[in-house]
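A.B. asks: sequence below, structure please.
(chains A, B and C)
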Amino acid sequence: MPVDKVTQVGQTKPLHGEIPVYAQYTFGIAGERFFREIKDKGRLMGARCASCDLLYVPPRMYCERCFGELSQWLEVPSRGFVHTFTISHVDLDGNRLREPIVVAMVKFEGVYGGIVHRLGGIGRDEVRVGMPVEMVLKPKAKRIGSILDIDFFRPVVG
Amino acid sequence: MRKVAVVGAGMTKFMRRAQETGKELAWETAKLALDSCDLTIKDVDCVVMGTAPDAFDMVHMKSEYLGDGAGAWRKPYVRGFLGGGTGVFTACQAWYHVASGMFDVCLAVTEEKMSSCLPHPQGAFVTCWDQFTESPLGTSLLWFFAWEMNRYMNAHGITQREIAEVSVKNKKNALHHPCAQLPGEITVDDVMNSEIMAWPVKRLDVSPTSDGAVVLVFASEDFAKRITDKPVWVEGVGWCLDTMYIGQRDLYYPKYVEYAARMAYDMAGIKDPRREIDIAEPYDPFSYKELHHAEGLLLCDKGEAVKLLLNGETQRTGRQPWCPSGGALGVGNAIAATGLMKVAELFWQLRGEAGGRQVPGKPRRGVAQAWGDEMQVGTVVVLGV
Amino acid sequence: MSEKIKAWPGTPLSEKDIREKRILVTEWQPNLKYAWDTGAGYGRYFAELKKGKIVGTKCNKCRRILLPARVFCEWCFRTVDEWVYLKDTGTVNTFSVAYTGTAAERLKEPRIPALIEIDGSDGVAIMHLISDVDPWKVKIGMRVKAVWKPKQKREGAITDIEYWKPI
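C.D. replies: Predicted structure coming up:
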């Protein structure tokens, strides 16, 4: 059956549309507490599973392994180390960033999990896997209860 | 194929907006379901997940996200997605995981957190319509249901007042459901006077959007008999998809529900569902849908469902109760979770554990059904003791 | 419900809890924009609409018309056999008087979306809007005709037909 073929990409006429929704997320039972601790007290908390001897950061309501409820919350020292990192040159839409950013998975001693965040106060080519880093918070007045209440992680000096 | 039973069930309250994340809803419910039959996560061999569009929770790859809360850490795990038909299909999926002999215990988890999608989850359905030939006309999902209700009324000469009795019945049934979001004593006049959304659909003809989760525990015959003396057997499963081109199927009758029902009834050896089914839980996101689906489930002739409703046969104390749970209209519509809620209702009813909603007379067989997708999928499960 | 279950989980929140910041929330606006290619079937369907014509395709094996035009028959799974021009008149199969829009917003003036069986297609319907009539006088079975946009305003889209009105 004859179908008109299009031979040039420029000849195609796509239909443009969008899905008109935005997201509003609650942090959840565990998340609510985790972020309020950062906002109000400037500290990182974890939740401990006594059966599996695991300290979850970020803390959760339950242990994914034994399925038990986690009710023991402990403060986690805000010093960790770079487990891995990348230097990103593009943004979410694929456009080139003027200044590349360093994003790391920061882990902590004795903790199951870690925090994804930006590294700051260091040149891009100086970042090393394993290097010790510490949390830098925004001033209290600027904290709203968000992962961005943490400004970035920077290398520990000395 | 091995025999498979449902041995445990749990659910959250159905709410307009939950504080819990989707993961936490899934975990709370899965834990409850396991506790209800004295099992632990170690007893679970595999997990199946049913959750409707990612867009509701506004989390991409929603099933992976929910995985740890669903107990799927380092377990075989898969998600089935059939839009509104998902919940009942999750039961079908759990069934074949165990019936095949591959696994002894399967956790069936369904979850929805629609409150994350603003300004209204309906906006996520823009491409439920054909994005080329339909969405540019400014479509709203409600228009589809209004069309179907109009066509159904027209085909059989049924009135809006008669259909409104479904809302009255189901919201009243929900008064005895501890997790119900919108139970209540309303009248036909209340329904008729409620705001017109898209004629003939009015506000009280529509179920609410909800956050919630429901979990069932499926087990092989040997395992089930070891842990309970009241296993509820999966006697039949069925599912069927029709054409997505709305103009090519007559909306007055859900043929895809009939095909799914026949598949399930054949498996269960049911020849006369009007007599052999004691309880039915057809999916009722809209008042007319309970009737529309009941006809597809072959529980009566086309156009006759309203007669059974009006003469009381489908009340909780009637000959064949429909939606004794209170349905989506009364309990709430957390899409995928609602489908499995209907299967859970059959589980509790057939074990005599439905409390204030208990259908009298020791019911022995029930059918649950869900629907959705591009509004053309039917999923059916038959449970029996 | 099962003697073992004493409490039902779930922590309901109200609009107020969020408005008054008793509960933390975070918001995100995703960039959900799309460019969809029509494909061969719809491509020709829209090109014909631009010319003021409605075209369908025909499957000779199943002896039916496919509308909107598509290149394979989903019943017998073959490519279709021919293109068929149809009329721009039809019969209302079902309709609604709608006060809600895409994101569930309330419309002040109702719209009348309808499924219209196109003459010449043997009962196959397409979706469109009815206008220029009292909404409460629309009936299933009513005869309607397409009102086209002026030629120079047509773009090759379903909106090249502005609406349908009773004949």
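
A.B. asks: what residues sit buried inside the helix or strand of chain A with the lowest mean pLDDT?
C.D. replies: Every helix and strand of chain A was ranked by mean pLDDT, DSSP states H and E. The lowest is strand A:15-18, at a mean of 83. Of the residues in strand A:15-18, A:15, A:17 count as buried by neighbour count, 16 or more other Cβ atoms under 10 Å in any protein chain shown. To be clear about C-beta, it is placed using only N, CA and C from the backbone, and glycine gets the same treatment.

A.B. asks: what's around the residue nearest to residue A:18 when sequence neighbours are not counted, how many residues?
C.D. replies: Counting by Cβ to Cβ, 6 or more residues apart in numbering or on different chains, residue C:33 is the residue found nearest to residue A:18 once chain neighbours are left out, at 4.6 Å. Residue C:33 has 10 neighbouring residues, counting by other Cβ atoms under 10 Å in any protein chain shown.

A.B. asks: same check, this time on residue B:157
C.D. replies: The number of residues packed near residue B:157 is 9, by other Cβ under 10 Å.

A.B. asks: you'd agree residue B:236 is in a strand?
C.D. replies: Yes: read with DSSP: H, G, I helix; E, B strand; the rest coil, residue B:236 is one of the residues of a strand.

A.B. asks: what sits opposite it in the beta ladder?
C.D. replies: residue B:382 (DSSP bridges).

A.B. asks: ok, it to residue B:107 distance?
C.D. replies: Separation of residue B:236 from residue B:107 (Cβ to Cβ, to the nearest Å) stands at 21 Å.

A.B. asks: one more: residue B:343?
C.D. replies: Applying Cβ to Cβ, the value for residue B:343 to residue B:107 is 14 Å.

A.B. asks: hey, what's in contact with both of these two?
C.D. replies: Common neighbours of residue B:343 and residue B:107 (criterion: Cβ atoms under 8 Å, 6 or more residues apart in numbering or on different chains): residue B:216.

A.B. asks: which residues touch the residue nearest the centre of chain B?
C.D. replies: Most central in chain B under Cα atoms, centre = their mean is residue B:339, positioned 2.1 Å from the mean C-alpha point. For residue B:339, the contact set (Cβ under 8 Å, 6+ apart) comprises B:50, B:84-90, B:110, B:283, B:368, B:370, B:379.

A.B. asks: just give me the residue closest to the centre of chain C.
C.D. replies: For chain C, by Cα atoms, centre = their mean, the most central residue is residue C:127; offset 4.7 Å.

A.B. asks: tell me the phi and psi of the residue in the stretch 151-300 of chain B that chain A sits nearest to?
C.D. replies: Closest to chain A within the stretch 151-300 of chain B is residue B:211: 9.5 Å, counting by Cβ to the nearest Cβ. Per-residue torsions, residue B:211: phi -110, psi 140 (degrees, to the nearest 10).

A.B. asks: close enough to count as contact, it and residue B:115?
C.D. replies: Yes: proximity of residue B:211 to residue B:115 meets the contact threshold set by Cβ atoms under 8 Å, at 5.3 Å.

A.B. asks: between these two, what contacts are shared?
C.D. replies: Common contact partners of residue B:211 and residue B:115 (Cβ under 8 Å, 6+ apart): B:16-18.

A.B. asks: can you pick the most crowded of the residues you listed?
C.D. replies: Neighbour counts for these peak at residue B:18, which has 31 neighbours (criterion: other Cβ under 10 Å).

A.B. asks: hmm, that residue is touching residue B:212, no?
C.D. replies: Yes: assessed by Cβ under 8 Å, residue B:18 is found in contact with residue B:212 at 7.5 Å.

A.B. asks: anything in contact with each of those two?
C.D. replies: Here residue B:18 and residue B:212 have B:12, B:25, C:10 as joint contacts, going by Cβ under 8 Å, 6+ apart.

A.B. asks: partner residues bridging the residue nearest in space to the middle of chain A?
C.D. replies: For chain A, the residue nearest the mean C-alpha position is residue A:116 (3.3 Å; Cα atoms, centre = their mean). Taking DSSP bridges as the rule, residue A:116 bridges to residue A:105.

A.B. asks: buried residues in the helix or strand just after the least confident helix or strand of chain A?
C.D. replies: As assigned by DSSP states H and E, the chain's next helix or strand after strand A:15-18 is strand A:22-26. Of the residues in strand A:22-26, A:23-26 count as buried by neighbour count, 16+ other Cβ under 10 Å.

A.B. asks: re the thing from before, least confident of the contacts of residue B:339?
C.D. replies: On pLDDT alone, residue B:84 ranks lowest of the contacts of residue B:339, at 90.

A.B. asks: which residues pair with the closest residue to that one other than its chain neighbours across the strands?
C.D. replies: Sequence neighbours aside, residue B:372 is the residue nearest to residue B:84 in space, at 2.0 Å (criterion: Cβ to Cβ, 6+ apart). Beta-bridge pairing for residue B:372 (DSSP bridges): residue B:377.

A.B. asks: residue B:372 against residue B:333, yeah?
C.D. replies: No: at 10.5 Å, residue B:372 does not count as touching residue B:333 under the criterion of Cβ under 8 Å.

A.B. asks: so what's the nearest residue to residue C:28 once chain neighbours are set aside up against?
C.D. replies: Distances taken as Cβ to Cβ, 6+ apart place residue A:23 nearest to residue C:28, at 4.6 Å, with adjacent residues excluded. Applying Cβ under 8 Å, 6+ apart, one finds that residue A:23 lies in contact with B:58, B:116-118, C:27-30.
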